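Visitor: Using only what follows, build the 3D model:
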Amino acid sequence: MDDESRPTLPKKRQKDKVYEDLQKLLFAFGDAYKPKDETVKVLEEYLLFYIDKLITSIQARNAQKEGGIHKITKQDVIYAIRNDAKSMSRIAYIIKMKFEFRKIDDSRKGKVNGLMINADN
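Guide: Residues are numbered from 1 along each chain as shown. Presented below is the predicted three-dimensional model:
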């Protein structure tokens, strides 16, 4: 699916989704069920600044390396944060957990290594 045909949320809805996700994240880390708006807004501003800075650095590197801007890959992100040990360990953990959750999901669906097992045989 190319970028033009991919459905996107309106900008206001995207912003609301980020806001809601940050509220849930704050609660998960021990904040109140409904954290203060100022807290969420500050975290949102910091997050958007970090993402903007990260994307800008990746695009600059890709423009120098390949002579143009292309779709940002997971490898681009990993390369950009390679010197940040904390972020790298977090990415490794997230990837590991993604595979663990996939195995659990597959086992619930009767799959082994992504293949459906026929219980009749």
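Visitor: Show me what counts as buried in stretch 43-59.
Guide: 43-44, 54, 58 (16 or more other Cβ atoms under 10 Å). C-beta: built from backbone N, CA, C; applies to glycine.
Visitor: So R108 versus E100, what's the distance?
Guide: To E100, R108 is 13 Å away according to Cβ to Cβ, to the nearest Å.
Visitor: Name the single longest helix found in the chain.
Guide: helix 37-66 (DSSP state H).
Visitor: Would you mind pulling up the elements that the next helix or strand after it packs against?
Guide: Next along the chain after helix 37-66, taking DSSP states H and E as the criterion, comes helix 74-80. Applying 3 or more Cβ pairs under 8 Å, 6 or more residues apart in numbering; DSSP states H and E, one finds that helix 74-80 contacts helix 37-66, helix 85-108.
Visitor: What's the mean pLDDT across helix 74-80?
Guide: Mean per-residue pLDDT for helix 74-80: 86.
Visitor: Enumerate the positions of it that are buried.
Guide: Buried residues in helix 74-80, defined by neighbour count with 16+ other Cβ under 10 Å: 76, 80.
Visitor: Which of the helices and strands packed on helix 74-80 has the lowest mean pLDDT?
Guide: helix 85-108 (a mean of 84).
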